[in-house]
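Chemist: mind folding the following:
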Amino acid sequence: MEAPWSNKETLATKDRVERLSKEILDFEKYIEPTKQEKLNRDTLLYQISELVERTWPGITTITVFGSSVTGLVFPGSDLDINIDFEELPKKNVVDILKILRKRTVDAKIFRFSDTNLAARAKVPVFTGVDENNVSIDISIQNACFSSDRTAAWIKEYPALKPLFMVLKQSIGNFRFTNLPLFEPLSAKFAGLASFSLICLIVSYLQLQTTKEMEAKKDYYGNLLLGFLNFYSKFESEKQAIGLNDGGRYYTKDNCPFVLETKHGKLTIVDPDQPGINVARSTLKFDRVKEIFAHAYKLLMNRITESSKTDSILSSIVKVEPHYHSDTRSQGARFRKIFVWIEKGPPPPSSSRNNSHNRRGGNRFGNDAMPYDRTQSRSYQRQEQYRPNYEENNSYYRSNNRYNSEPMDYNQREYQRHTKNNNSHLARHYKHKAERSRR
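Modeler: Below is the predicted model:
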């Protein structure tokens, strides 16, 4: 099934927008953490907490923040914790993180190759990935207001969570063929940060909806459609978003700070620190708006053309197909399936063309992206085997040097073990490949 989150009863709903509403609520339940995912996350948190207490007994307070607090957790979400010290054991927080890195590796919580220390970041962060592929980000003396604010908003606006979960899964997986490394819901790639997306949803609920709408059966479907349509036309160069006292839109004349008027910028006044722009890292909101418009078009086409039992939400939300009664893939195995927007081939890259960016020029000029491991040749060769492109994407279908029909992991493993005369493993992966195709 391409929509394993919903049962036959939901998909048989006659009114298509009402069907979409039910699917949104079904998807929220579908994506909730499983018992195993909760256990894996709790285990890692316990191990880190015990190690910190042994290393610095009685002087630390560990605070969990981010999705673990707000409940906006996806299968592959990171754990985010902050360690507060009564008195810092070292003058530099980076030195503390180095000690923590060494202790976690010595305790065999992480392998050294699965750790990273962002020492030069504005807020230094130590990242580790354990044997269950659960990732944790650890910071020191770092106050975080957004988690408390988000948790309060979720209580105030019940529609926030289901709408966020659908938008995060769908919008985050769109890609442009001419800008394949751009991630629309990643501030690291000049897109929207998760908290910025939350702010957009809250602002829309504050200013563009009424209480009378909530009683209707097609409420959530109309919310999703309205959100995508509204922000696909939002003039971010002329107005800023305010969220306090019921929400408002600021102009250049009355904005609490200088309104960002450059093309692709977005201004959201921080509800807890009014002098700060929440979306200051977003430099390509114009690209995000294009994705909003494309997603709206896909949904409207499916609503107009779908049969009586077709899923509406699956036009923008893509997951590995399986039966409704089966459990979805868990943790890091819950893979992203990209939806590609045709914009022509990516621009040719060369070391000479990229030298300006490496020497400190405009990192995002001319649609260039900051360096990421996905630019490496080995990663790109690996990606060519992954079935992440839509079957109807003419550009990737005609340019795939390996095969126009994408091959899933189980099929590849079946062929590999058959070639190596591993008959037992070959039968095992053949069975799994046939089951996934069904």
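
Chemist: quick one: pLDDT of A433?
Modeler: Looking at A433, its pLDDT is 77.

Chemist: so what's it closest to, chain neighbours aside?
Modeler: Leaving aside its chain neighbours, A433 sits nearest to N410 (3.9 Å; criterion: C-beta to C-beta, 6 or more residues apart in numbering). (Each C-beta comes from the backbone N, C-alpha and C, glycine too.)

Chemist: quick one, phi psi at the one you found?
Modeler: Listed backbone geometry of N410 is phi -60, psi -40, with angles given as degrees, to the nearest 10.

Chemist: is it true that it touches K432?
Modeler: Yes - at 4.2 Å, N410 counts as touching K432 under the criterion of C-beta atoms under 8 Å.

Chemist: and N244, how many neighbours does it have?
Modeler: N244 is flanked by 12 other residues according to other C-beta atoms under 10 Å.

Chemist: now the nearest residue to Y220 once chain neighbours are set aside. Its backbone dihedrals?
Modeler: With C-beta to C-beta, 6+ apart as the measure, S21 is the residue that lies nearest to Y220, at 4.0 Å, once sequence neighbours are left out. The main-chain torsion angles of S21 are listed as degrees, to the nearest 10 and equal phi -60, psi -50.

Chemist: from K308, how far off is S21?
Modeler: When C-beta to C-beta, to the nearest Å is the yardstick, S21 and K308 sit 17 Å from each other.

Chemist: what about the two, which has more around it?
Modeler: Ranked by neighbour count (other C-beta under 10 Å), S21 and K308 place S21 first, with 25 against 10.

Chemist: output the helix or strand where D95 lies as PDB, nothing but the C-alphas.
Modeler: Secondary structure from DSSP states H and E places D95 in helix 93-106. Output in PDB follows, covering the C-alpha atoms of helix 93-106 (Å, rounded to 0.1, in the frame of the first residue of the first chain):
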ATOM      1  CA  VAL A  93      33.200  24.200  27.000                       C
ATOM      2  CA  VAL A  94      34.900  22.600  24.100                       C
ATOM      3  CA  ASP A  95      37.400  21.000  26.500                       C
ATOM      4  CA  ILE A  96      34.500  19.600  28.500                       C
ATOM      5  CA  LEU A  97      33.000  18.100  25.300                       C
ATOM      6  CA  LYS A  98      36.400  16.600  24.500                       C
ATOM      7  CA  ILE A  99      36.400  14.800  27.800                       C
ATOM      8  CA  LEU A 100      32.900  13.600  27.300                       C
ATOM      9  CA  ARG A 101      33.800  12.300  23.900                       C
ATOM     10  CA  LYS A 102      36.700  10.300  25.300                       C
ATOM     11  CA  ARG A 103      34.700   8.900  28.200                       C
ATOM     12  CA  THR A 104      31.800   7.800  25.900                       C
ATOM     13  CA  VAL A 105      34.200   6.000  23.600                       C
ATOM     14  CA  ASP A 106      36.000   4.400  26.500                       C
END
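
Chemist: help me confirm that I96 comes into contact with S139.
Modeler: No - using C-beta under 8 Å, I96 is not in contact with S139, being 10.3 Å away.

Chemist: and for these two, which residues touch both?
Modeler: I83 (C-beta atoms under 8 Å, 6 or more residues apart in numbering).

Chemist: list the contacts of I136.
Modeler: For I136, the set of contacting residues under the criterion of C-beta under 8 Å, 6+ apart consists of L44, L45, I48, D78, L79, D80, I81, T127, G128, V129, D130.

Chemist: sec struct for it, please.
Modeler: Secondary structure for I136, judged by DSSP: H, G, I helix; E, B strand; the rest coil, is strand.

Chemist: likewise D84?
Modeler: Remark: D84 carries the secondary structure label strand [criterion: three-state DSSP].

Chemist: who does it form a beta bridge with?
Modeler: Assessed by DSSP bridges, D84 has beta-bridge partners T61.

Chemist: so what's the residue count around H428?
Modeler: Neighbours of H428 under the rule other C-beta under 10 Å: 15.

Chemist: measure it to N410 for me?
Modeler: H428 sits 9 Å away from N410 when distances are taken as C-beta to C-beta.

Chemist: end-to-end on stretch 102-120?
Modeler: End-to-end span of stretch 102-120 (C-alpha to C-alpha, to the nearest Å): 18 Å.

Chemist: ok, and what's touching it?
Modeler: With contact meaning C-beta under 8 Å, 6+ apart, stretch 102-120 is reached by 44, 47-48, 51, 55, 94, 97-98, 101, 124-130.

Chemist: quick one: which of those residues is nearest F195?
Modeler: F195 has its nearest neighbour among these in V125, at 16.2 Å by C-beta to C-beta.

Chemist: thinking again about what came up before, quick one: average confidence on the helix holding D95?
Modeler: Mean pLDDT, taken over the full extent of helix 93-106, equals 96.

Chemist: same check on stretch 110-126?
Modeler: 93.

Chemist: check which residues of it are buried.
Modeler: When neighbours are counted by 16 or more other C-beta atoms under 10 Å, the buried residues of stretch 110-126 are found to be F110, D114, T115, L117, P124, V125, F126.

Chemist: so how far is it off the chain centroid?
Modeler: Distance of stretch 110-126 from its chain centroid, counting by C-alpha atoms, centre = their mean, to the nearest Å, is 20 Å.

Chemist: now do the end-to-end distance for it.
Modeler: The straight-line separation of the ends of stretch 110-126 (C-alpha to C-alpha) is 12 Å.

Chemist: ditto for stretch 262-270
Modeler: End-to-end distance of stretch 262-270 (C-alpha to C-alpha): 19 Å.

Chemist: can you check stretch 269-286 too?
Modeler: Stretch 269-286: ends 19 Å apart by C-alpha to C-alpha.

Chemist: give me the distance between that stretch and the centre of its chain.
Modeler: Computed by C-alpha atoms, centre = their mean, the chain-centroid distance of stretch 269-286 equals 18 Å.

Chemist: stretch 68-85 too?
Modeler: Chain-centre distance of stretch 68-85: 14 Å, with C-alpha atoms, centre = their mean.

Chemist: let me see the mean pLDDT of it.
Modeler: Throughout stretch 68-85, pLDDT has a mean value of 93.

Chemist: now that stretch: buried residues?
Modeler: Result for stretch 68-85 [16+ other C-beta under 10 Å]: buried residues 68-70, 72-83.

Chemist: of all the residues you listed, which comes closest to K216?
Modeler: In terms of C-beta to C-beta, no member of these lies closer to K216 than L72, at 25.0 Å.

Chemist: residues in contact with the closest one?
Modeler: Applying C-beta under 8 Å, 6+ apart, one finds that L72 lies in contact with T150, I154, K161, F164, M165, K168, S194, I198.

Chemist: now tell me what touches the helix or strand containing R435 from outside.
Modeler: Using DSSP H and E, R435 sits within helix 423-437. Surrounding helix 423-437, the residues in contact under the criterion C-beta under 8 Å, 6+ apart are E320, P321, H322, D408, N410, Q411, E413, Y414, H417, T418.
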